[in-house]
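J.: I would like the atomic coordinates for the input below:
(2 chains)
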Amino acid sequence: MAVGAQTAARVALGVPQPRPSAGLWSNAWYSLRRDRLTMVSCAVVLLIIVLSAGASLLAEYVFKTTFEKQDLLHTYGPPMLDPPAYLLGSDEVGRSQVVRLFYGGQVSLFVGFVAALIQLTIGVLLGLVAGYFRGRIDDLITWFITTLNSIPTIFLLIIISALFTPGALTLTLIIGLLFWTGITNFVRGQTFALREREFVTAARTVGAGPARIMLKHILPNVLPLIFVLTAIDVGTIILAESALSYLGLGIVPPTPSWGNMLTNAASYFNRAPWLVVSPGAMIFLTVLCLYLIGDGLRDALDPRLKGAS
Amino acid sequence: MWTFVVRRLLYAIPTLLGISIIVFLITRLAPGDPIRLYTFGALNVTEEDIQGLRAYYGLDKPLAIQYVTWLTQAIRGDFGMSLIYHQPALGLLFERLGATLQLAFVALFLQLAIGIPLGVMAALRRGTWVDNVVRVFGVIGHAVPQFWLGLMAIILVSVTLHLLPSQGLLTVGKDVWDIPDRIRHIIMPAFVLALAGIANYSRYLRTETLDVIAQDYVRTAHAKGLRERTVIYVHALRNALIPMVTALGGLLAVLVSGALVVEQVFTWPGVGQFTYAAARAKDYPVIMAGVMVASTLLVLSYLLRDIAYAIVDPRIKVK
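T.: A predicted model of the protein is given here:
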């Protein structure tokens, strides 16, 4: 109360108010904590990560089976509580759907997050270089982006995976190498504007080289919104990977992934429609939460945009 | 205006060249010999025959020469013969282009016809349940995996309710011009393909409309005593739609891309499905032609977008 009265008095007297020193991140964290939807989304994504990471433990102690253990007497089993392994039913060779779902999560999430990290690194570096040096380098990078963006991504992914039949790691790398253009465009635009600002001139006058200016002075100003883009990209990559695996070209069985679990399920949906529901629902839920986190982060980091999109 | 169009057309050339180089390199650097795959299991094929076939298809020459040969032929519309069908690759694809374009344009129509009203409605009723529903839908529509949505739609609509057919352009044996039959076939794939775009448009138009109705000239229109409807439809909506033209190019891209997966789910005989089958069979000429056709569609849609934008918004300098 005393503080409130003091503030009121200051306002009345026209004295500038002492603002509690809060940086961008603590401000963002403050508003994020109050954003229930974003917090719930974070919790759901964390839960999916934990369940997937602990898939082998869960399989051993809770469901008492493994992801490859077949049971030809219990094929196309409908969802049931007993035994717990058939919580979400069993597939065409009697494997536990729920255990395979968690294992599939490992692969899908790994591809999503690692590929996003790769594209983030490439995207930020190229964007900084193109925006800072402009001229020839910028022309070259822009041309490459235009070219890459003019090939429908799914076509490119399908050709590469059909011809090279990559494993999970190579696939992650390939996706990472194809998705960076959005981030580069964003960083490039921001760098264009920032390099003309006084603090960059100041840094240059005291003798900072281009690398230092780009990484120490420009990058921190661009970083917040990059996190937003990255959260959304992880979702987009998970969608792309699942589509590819569904087509039989991404992650190949016996390694389960959410996408390739649907390939088989699709051919048996007359006998076991529930096998189609759960992997798709997992993809949907994960991607939805990642998009919501992206939206929430954007609102938190840039309050002007709140409710705008 | 014409100089602008010509300039943009010229810009498309290096892009198309770049695409052809990338795709050419990918197909040629891939492990696995198409000739060996093609002759696999065939009896009486000697090593000499294989070498002969390699020479016939020009696969024994250095990469750069192969590329130049391919390019000079491609410019004349000759993408080579399909290794599987023994017919010109481009011709095979053009036969399927109609189906893809049909699907893409119906989906585009659905996106505009549903997305725009949704977005405007949400903006005009900001903060109400209508707005919330549209906003939630805007996120959900993006996060649903298209192929899964397609599968679920087939299970629900075709298998359980027996309402619509689940695959193909038309019922086998029916007349090609049996329009009602064709419509019944296109409903599901078009809606599945359109969903992400509907979400996108509604989101986009909501933002734009909110932006525009806060402008001074809208206030002026209100102050003149114009009816609410006139203000919205004549003054606000017109300007809110301008940036949509930009979104159009991007959405065509999404349609061409997404069509591949949707075509596969609904066995829709389009460019995407055909290219996919070619990629699995390592039918190089068809792969190259397929990607070039899809990419050219994309480049053209970007081009149309830029021209449309220049026409719609006179503030854009025509250099």
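J.: where in chain A is pLDDT low?
T.: Along chain A, segments meeting pLDDT under 70 span A:1-22, A:59, A:62-65, A:67-90, A:92-94, A:303-309.
J.: for chain B, that is, sorry about that
T.: Applying pLDDT under 70 to chain B flags residues B:32-43, B:57-58, B:171-173, B:175-176, B:246-247, B:249-251, B:253-254, B:313-319.
J.: would you list every one of the helices in it?
T.: Counting by DSSP state H, the segments of chain B that form helices are B:2-29, B:34-39, B:47-56, B:63-75, B:89-124, B:129-143, B:146-153, B:179-213, B:216-223, B:228-230, B:237-240, B:242-265, B:271-281, B:284-312.
J.: With the stretch 1-150 of chain A instead?
T.: A:2-13, A:24-33, A:36-53, A:55-61, A:97-133, A:135-149 (DSSP state H, counting those that start in this stretch).
J.: what would the helices of chain B look like in a markdown table with mean neighbour count and distance to chain A?
T.: In short, each C-beta sits where N, CA and C put it, glycine included. Below are the helices of chain B laid out as a markdown table (neighbours: other CB atoms under 10 Å in any protein chain shown; distance: least, CB to the nearest CB, whole Å):
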| stretch | mean neighbour count | distance to chain A |
| --- | --- | --- |
| helix B:2-29 | 15 | 3 |
| helix B:34-39 | 16 | 10 |
| helix B:47-56 | 12 | 18 |
| helix B:63-75 | 13 | 15 |
| helix B:89-124 | 20 | 11 |
| helix B:129-143 | 17 | 4 |
| helix B:146-153 | 23 | 3 |
| helix B:179-213 | 21 | 5 |
| helix B:216-223 | 13 | 17 |
| helix B:228-230 | 10 | 23 |
| helix B:237-240 | 18 | 14 |
| helix B:242-265 | 22 | 4 |
| helix B:271-281 | 24 | 4 |
| helix B:284-312 | 21 | 5 |
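J.: could I get the helices of the stretch 1-150 of chain A as a markdown table with distance to chain B and mean neighbour count?
T.: Below are these laid out as a markdown table (distance: least, CB to the nearest CB, whole Å; neighbours: other CB atoms under 10 Å in any protein chain shown):
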| stretch | distance to chain B | mean neighbour count |
| --- | --- | --- |
| helix A:2-13 | 28 | 10 |
| helix A:24-33 | 17 | 14 |
| helix A:36-53 | 10 | 16 |
| helix A:55-61 | 21 | 15 |
| helix A:97-133 | 11 | 23 |
| helix A:135-149 | 3 | 15 |
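J.: closest to B:Ala279 out of those?
T.: For B:Ala279, the closest of those is helix A:135-149, at 18.5 Å, according to CB to CB.
J.: I'd say A:Leu148 and A:Leu178 touch.
T.: Yes: counting by CB atoms under 8 Å, A:Leu148 does reach A:Leu178; the two are 7.2 Å apart.
J.: one step back: now tabulate the helices of chain B in a markdown table and tack on distance to A:Thr184.
T.: What follows is those, written out as a markdown table (distance: least, CB to CB, whole Å):
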| stretch | distance to A:Thr184 |
| --- | --- |
| helix B:2-29 | 16 |
| helix B:34-39 | 34 |
| helix B:47-56 | 40 |
| helix B:63-75 | 27 |
| helix B:89-124 | 28 |
| helix B:129-143 | 22 |
| helix B:146-153 | 26 |
| helix B:179-213 | 22 |
| helix B:216-223 | 36 |
| helix B:228-230 | 44 |
| helix B:237-240 | 29 |
| helix B:242-265 | 16 |
| helix B:271-281 | 27 |
| helix B:284-312 | 18 |
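J.: So for A:Arg188, which of the helices of the stretch 1-150 of chain A sits nearest?
T.: helix A:97-133 (4.2 Å).
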